[in-house]
Each structure stands twice: as structure tokens, then as C-alpha cells.
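*Asks:* quick one, structure for this:
(one chain, ligands or ions: 1)
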Amino acid sequence: MKYALVTGGSRGIGRAICIKLAEMGYYVLVNYTSKEEEAENTLKLIREKGSDGEIMKFNVSDQAEVEGTLGVWLEKNPEKVIEILVNNAGIRKDQLLMWMSNEEWNSVLGVNLGGFFNVTRLIIKGMLVKKYGRVVNVVSLSGLKGLPGQTNYSAAKAGVIGATKALAQEVGRRGITVNAVAPGFIKTDMTEGINEKDFKQLIPMNRFGTSEEVAEAVAFLASEKASYITGQVLSVNGGLYS
Ligand code: NAP
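*Replies:* This next block holds a predicted model:
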């Protein structure tokens with residue numbers, strides 16, 4: 001069995017990625033932090049694809065929680081090397097900088113950027129030993145271009161892009177690739193309050209994207225086919241300038 005971990009796999013883009021990796025024959029660890037029922041639904045969909053997995057609750061921004069769950073799982077299952085890590089868990093708390101609270105800044109940096117660090121640090125060790133691995137970070141158009149009202153989110157995603165490029169150079173010799181996928185506007189709970197009608201004229205393809213369209217790009221970068229691609233950011237945004 002081949003193992004994959006998807007953070008924030010309970011809903012939206014993360015769920016679509018879990019299903020795609022199940023189709024590729026992976027046993028999928030589905031991380032979530034609050035919505036257990038949604039995580040269970042993802043697991044059901046994984047099983048419908050003929051694969052298997054398990055749900056794993058931890059808050060990616062909480063180092064002790066990550067070590068206490070994922071770290072313990074890794075210790076207990078030394079033979080189960082995770083060969084695909086998708087850092088997908090993310091939140092946004094939009095606010096103009098002048099009114100942004102400490103909490104809005106710290107929590108968005110903590111989940112989107114801190115989460116990358118807390119989880120990847122644990123998983124990369126097994127990949128280094130196995131001399132194979134795929135890390136795919138789900139970033140955003142905001143991290144490439146910057147979007148007003150999202151200084152926190154743009155900073156966090158730009159931070160992950162920098163880390164993607166740096167880590168790619170650290171681990172390339174060991175057969176590990178590290179890439180990022182940058183979605184534009186995708187129909188999920190995260191964009192629920194954004195009216196597609198108002199924004200779609202900005203998008204050359206004149207529509208929001210789907211989670212499945214993002215998952216296809218992630219799956220390619222996570223596959224053996226993408227063996228000579230590393231340190232890259234692949235935009236999935238319907239042609240929005242980035
Ligand atoms: P979503 O529908 O809101 O789902 C967010 C997922 O992240 C859920 O599975 C949630 O788990 C999980 N999560 C949130 N905070 C977490 C934490 N502290 N620890 C562990 N898991 C956590 O969002 P989405 O639209 O699918 O977004 C997925 C990724 O794509 C994010 O990184 C987001 O920034 C990025 N993105 C999205 C868009 C878009 O237009 N939707 C555009 C660009 C980038 P629970 O179910 O347990 O809450």
C-alpha cells in the first residue's frame with residue numbers, strides 16, 4: 001500500500017484531492033480540525049473508489065497537536081512511509097490592514113504558513129530515508145499577486161511559495177519534489193460569500209473553477225510523471241493575471 005496525507009481533506013479542494021489520490025491507489029490520511037462528519041464523508045468517497053484511508057484530527061497550526069497525533073502515528077507505523085504530502089489546510093480572515101487584529105494576522109499565518117512547517121517537518125524525514133517523495137502545497141493567486149483585504153493571507157501564501165522553492169533545493173537530490181498549486185476563485189465553502197456573477201467577468205474563462213480542476217493539477221505534480229518538475233508554482237485560475 002502507498003500512503004498519502006492531505007491536510008484539510010474533509011471538504012472542498014482537499015476532499016477532491018483525497019478522492020483523486022484514492023483513484024491513484026493511495027491509502028489516504030484525511031486530516032481535519034473541526035468537521036468530523038465531513039471528514040467521514042471524504043473517507044466514504046475514498047472507499048467508493050476502491051481504496052482505503054483513515055481520518056486524523058489535528059489543528060495544523062498547533063505544533064503539540066500535530067506531534068501528538070501525526071507524530072505518534074508515524075512512530076507507531078514505521079513501515080508506512082507517506083510518499084505524498086499535500087499541504088492544503090487553509091483559512092482566510094479578510095480585513096484591511098489598518099483594521100486587522102492580532103488574531104486575524106496570527107491565525108491566518110499560523111494555519112497557512114505555520115501548518116506547512118509543522119506537518120512537512122515530520123513527513124519529510126521518511127521521504128528522505130525512502131529517497132522518494134512528493135510535497136504539493138496549495139497556495140493561492142493572493143500569494144503571487146497580493147490581493148487587497150488579504151495582507152495576512154497573501155503574506156502566508158507567499159511565504160509558503162518561498163518555502164516551496166527553498167525546500168525543493170534542499171531535498172531534490174533525494175528524489176523528492178516540492179511544488180505548489182495556486183488556485184484562483186474556486187467554488188468551495190471558502191468562497192461562499194463571494195458572488196460569482198460579480199467576479200466572473202475578471203476571469204478570462206468567465207467562471208469560477210471547481211475543486212476537481214485543482215485536484216487534477218495536484219495529482220499530476222504528486223505523480224511519478226512529474227519527476228523532473230520541482231520548485232514550481234502551477235496556477236489553476238482560468239487565466240487570471242498572476
Ligand atoms: P474550505 O472549503 O474552507 O476547506 C478548508 C479545509 O481546511 C477543511 O477541510 C478544514 O477542516 C481544513 N482546515 C482549516 N483549518 C485547519 C486547521 N487549523 N487544521 C487542519 N485543517 C484545517 O477551503 P478550500 O476552498 O477547499 O481551500 C483549500 C485550500 O485552497 C486552502 O489552503 C485555501 O487557502 C486554498 N485556496 C482556495 C481558494 C478558493 O477559491 N476556494 C483559492 C485559492 C486558494 P474542517 O472541515 O475540519 O474545518
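*Asks:* how many neighbours does P78 have?
*Replies:* Neighbour count for P78, taken as other Cβ atoms under 10 Å: 9. Using the backbone N, CA and C atoms, a C-beta is placed for each residue, glycine as well.
*Asks:* oh, that last question was meant for Q201, not what I typed.
*Replies:* Residues contacting Q201 under the criterion other Cβ under 10 Å number 8.
*Asks:* the ligand contacts on this structure?
*Replies:* 7-8, 10-14, 31-35, 38, 59-61, 88-91, 111, 138, 140, 183, 185-186, 188-191 (Cβ under 6 Å from any ligand atom).
*Asks:* sort out for me which of those residues are in helices.
*Replies:* G12, I13, G14, E38 (DSSP state H).
*Asks:* need the max-distance pair from the residues you listed.
*Replies:* Spanning the widest gap among these are I13 and E38, at 12.9 Å by Cβ to Cβ.
*Asks:* of the residues of the chain next to the ligand, which count as buried by neighbour count?
*Replies:* 7-8, 10-14, 31-33, 38, 59-61, 88-91, 111, 138, 140, 183, 185-186, 188, 190-191 (16 or more other Cβ atoms under 10 Å).
*Asks:* next helix or strand past the worst-scoring helix or strand of the chain on mean pLDDT?
*Replies:* Least confident helix or strand, the chain: helix 196-199 with a mean of 91, by mean pLDDT, DSSP states H and E. Beyond helix 196-199 on the C-terminal side, the first helix or strand identified by DSSP states H and E is helix 211-222.
*Asks:* next, format the ones in helices among the residues of the chain next to the ligand as TSV and append pLDDT.
*Replies:* Below are these laid out as TSV (pLDDT from 0 to 100):
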residue	pLDDT
G12	98
I13	98
G14	98
E38	98
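*Asks:* coming back round to it: which helices and strands sit right next to the least confident helix or strand of the chain?
*Replies:* Applying 3 or more Cβ pairs under 8 Å, 6 or more residues apart in numbering; DSSP states H and E, one finds that helix 196-199 contacts no other helix or strand.
*Asks:* quick one: contacts for the residue nearest the centre of the chain?
*Replies:* The chain has N88 as the residue nearest its centroid, 1.7 Å off, counting by Cα atoms, centre = their mean. N88 makes contact with V6, T7, G8, G9, I13, G14, I17, V138, according to Cβ atoms under 8 Å, 6 or more residues apart in numbering.
*Asks:* let me know the closest of the residues you listed to the ligand.
*Replies:* G8 (2.6 Å; Cβ to the nearest ligand atom).
*Asks:* I'd say the closest one and Y32 touch.
*Replies:* Yes: using Cβ atoms under 8 Å, G8 makes contact with Y32 at a distance of 6.9 Å.
*Asks:* gap between E75 and the ligand?
*Replies:* 20 Å (Cβ to the nearest ligand atom, to the nearest Å).
*Asks:* any stretches of the protein with poor pLDDT?
*Replies:* 242 (pLDDT under 70).
*Asks:* that one: strands as residue ranges?
*Replies:* 2-6, 26-32, 53-57, 82-87, 133-138, 176-183, 233-236 (DSSP state E).
*Asks:* figure out which of those strands is closest to L147.
*Replies:* strand 176-183 (12.1 Å).
*Asks:* quick check: angle from the closest one to strand 82-87?
*Replies:* Between strand 176-183 and strand 82-87, the angle comes out at 30 degrees (axes from the mean of the first three to the mean of the last three Cα atoms, to 10 degrees).
*Asks:* direction included, what does strand 176-183 pair up with?
*Replies:* strand 133-138 (parallel), strand 233-236 (parallel) (DSSP bridges).
*Asks:* now these as CSV including distance to T210?
*Replies:* Below are the strands paired with strand 176-183 laid out as CSV (distance: least, Cβ to Cβ, whole Å):
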stretch, distance to T210
strand 133-138, 14
strand 233-236, 10
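*Asks:* just these: most buried one?
*Replies:* Counting by mean count of other Cβ atoms under 10 Å, strand 133-138 has the highest mean neighbour count of these, with a mean of 26.
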